[in-house]
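# heads up, no residue letters with this:
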């Protein structure tokens, strides 16, 4: 796990995600810009990239480390530490797009509600009717952390958190809540990663947010901090949900991202869950392969560890008899496996999994 302290790059390692080694200073005298927000790794080149933030400016820190890791064993790519890479809001979400040899920031940007054909019913700590949505920007891998293009939604020259306009409001430039969502709902963070386990499909862990209807002015006491002058307090984090990436495999294909689990019971991971650089996949044991998420912002020392079965991004649970329906979809040629934990009291027994191709479930009672 990587960290930054007093212009020093730190790393700590673990074999089991329970016992962690002492932090090792692998690079010092690095003029890092602000707080690290998101990191990932170009595995083929062995290059790490972290995006940092302070005062509307985003910094890109690219470095390569010798193996095994040693004190001062990491060096900046190109011989110098980068400073300001671009200007935007403070929620960057980095992933290395290997097929296209580029870095992708799935940037949470501030876009006026009227540009989105929405209304913002309650104010919060960002100016005016600005709302948080997902956009993208890219940089070539060969640029060593530099060479960032513009925000996909901003057609003007951006020199702060807010795009001065005009805006590109097309589906390919902005991913925003749907018409069926509450009008105040916004996207606060999106951590993209590859599903793994033999699948190259992209997945996103999104944090859902909404301003408070209390409309507390910044002069009032704000929970968790004071709002910016002239606006209201920061609203609450509502919960989280997993998104499914586009079939194209291109993270910037925003029109291809989907929220199939919107409205399903939330996992309610803490809002500080960071995937740095990506969630690790533990090999299969008694419970099968699992993703490992590190929560580095719980407010307590150290990092909490959360795990999730590899193919259980969402689920449904009922205390008694239940039924559910889905939208129509094309059945895979190889059939569909249903992952159900439904033990039976009496014969016939319910199978743990069942192919849905041309078969039906037997009648049985469940406890």
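Cool, got the structure. Note that the structure is predicted; figures quoted are calculated from it, not measured.

# now do the end-to-end distance for stretch 243-252.
14 Å (Cα to Cα, to the nearest Å).

# in three-state terms, label residue 205 for me.
Following DSSP: H, G, I helix; E, B strand; the rest coil, the label given to residue 205 is strand.

# kindly state the beta-bridge partners for it.
Beta bridges link residue 205 to residue 191, residue 242, judged by DSSP bridges.

# can you tell me how far it sits from residue 60?
Taking Cβ to Cβ, to the nearest Å as the measure, residue 205 falls 22 Å from residue 60. (Each C-beta comes from the backbone N, C-alpha and C, glycine too.)

# more neighbours, the two?
Between residue 205 and residue 60, residue 60 has the larger neighbour count (other Cβ atoms under 10 Å), namely 27 against 23.

# residues in contact with the more buried one?
Listed by Cβ atoms under 8 Å, 6 or more residues apart in numbering, the contact partners of residue 60 are 49, 50, 51, 52, 82, 85, 139, 145, 146, 148.

# contacts for stretch 64-71?
11, 13, 24-26, 45-48, 73-75, 77.

# can you flag the buried ones in those residues?
11, 24, 25, 26, 45, 47, 48, 73, 74, 77 (16 or more other Cβ atoms under 10 Å).

# count of residues packed around residue 113?
Neighbours around residue 113, by other Cβ under 10 Å: 19.

# picking that back up, just the ones in strands from the buried ones among the contacts of stretch 64-71, please.
With strands taken from DSSP state E, the overlap with these comprises 11, 24, 25, 26, 47, 48, 74.

# now these as a markdown table including distance to residue 312 and pLDDT?
Formatted as a markdown table, these follow (distance: Cβ to Cβ, whole Å; pLDDT from 0 to 100):
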| residue | distance to residue 312 | pLDDT |
| --- | --- | --- |
| 11 | 30 | 78 |
| 24 | 34 | 83 |
| 25 | 38 | 82 |
| 26 | 35 | 80 |
| 47 | 32 | 90 |
| 48 | 29 | 87 |
| 74 | 36 | 85 |
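
# was I right to think residue 13 contacts residue 19?
No. Shown here, residue 13 and residue 19 do not form a contact pair, counting by Cβ atoms under 8 Å, at 10.0 Å.

# so residue 184 touches residue 120, yeah?
Yes. The pair residue 184 / residue 120 is scored as a contact, 6.9 Å apart, by Cβ under 8 Å.

# quick check: neighbours shared by the two?
Counting by Cβ under 8 Å, 6+ apart, the residues touching both residue 184 and residue 120 are residue 211.

# low-confidence stretches in the stretch 201-350 of the chain?
Scanning the stretch 201-350 of the chain with the threshold set as pLDDT under 70 gives 215-230, 264-290, 292-306, 339-350.

# and the strands in it?
237-244, 273-274, 280-282, 290-295, 304-309 (DSSP state E, counting those that start in this stretch).

# same check, this time on the stretch 1-150 of the chain
Counting by DSSP E, counting those that start in this stretch, the strands of the stretch 1-150 of the chain are 2-5, 8-11, 24-27, 35-42, 47-54, 57-65, 74-76, 84-87, 94-97, 102-105, 108-112, 130-134, 137-140.

# tell me which other helices or strands the third one touches.
The helices and strands touching strand 24-27, judged by 3 or more Cβ pairs under 8 Å, 6 or more residues apart in numbering; DSSP states H and E, are strand 8-11, strand 74-76.

# I'd like to know how many residues surround residue 259.
19.

# OK, contacts around residue 161?
56, 87, 88, 89, 90, 110, 126.

# kindly report the same for residue 90.
Each residue near residue 90 by Cβ under 8 Å, 6+ apart is listed here: 37, 53, 161.

# same list, the residues you listed, but as JSON lines with distance to residue 237 and pLDDT please.
Shown next, in JSON lines, are the contacts of residue 90 (distance: Cβ to Cβ, whole Å; pLDDT from 0 to 100):
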{"residue": "37", "distance to residue 237": "16", "pLDDT": "81"}
{"residue": "53", "distance to residue 237": "18", "pLDDT": "85"}
{"residue": "161", "distance to residue 237": "19", "pLDDT": "92"}
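
# nearest to residue 325, of these?
Among the contacts of residue 90, residue 37 lies closest to residue 325 (Cβ to Cβ), at 39.4 Å.

# returning to what we had before: which two from the contacts of residue 161 end up farthest apart in space?
Within these, two members stand farthest from each other by Cβ to Cβ: 87 and 126, at 15.0 Å.

# who has more neighbours, those two?
Each of residue 87 and residue 126 has its neighbours counted (other Cβ under 10 Å); residue 126 has more, 22 against 18.

# if I pick that one, what's in contact with it?
By Cβ under 8 Å, 6+ apart, the neighbours of residue 126 are 110, 132, 161, 228, 231.

# residue 192 now?
93, 95, 104, 106, 202, 203, 204, 245, 251.

# tell me which two of the residues you listed sit farthest apart.
104 and 203 (14.3 Å).

# residue 189: which element?
strand 186-196 (DSSP states H and E).

# quick one: low-confidence ranges for the stretch 1-150 of the chain?
Residue ranges of the stretch 1-150 of the chain with pLDDT under 70: 1-7, 16-18, 29-34, 82-83.
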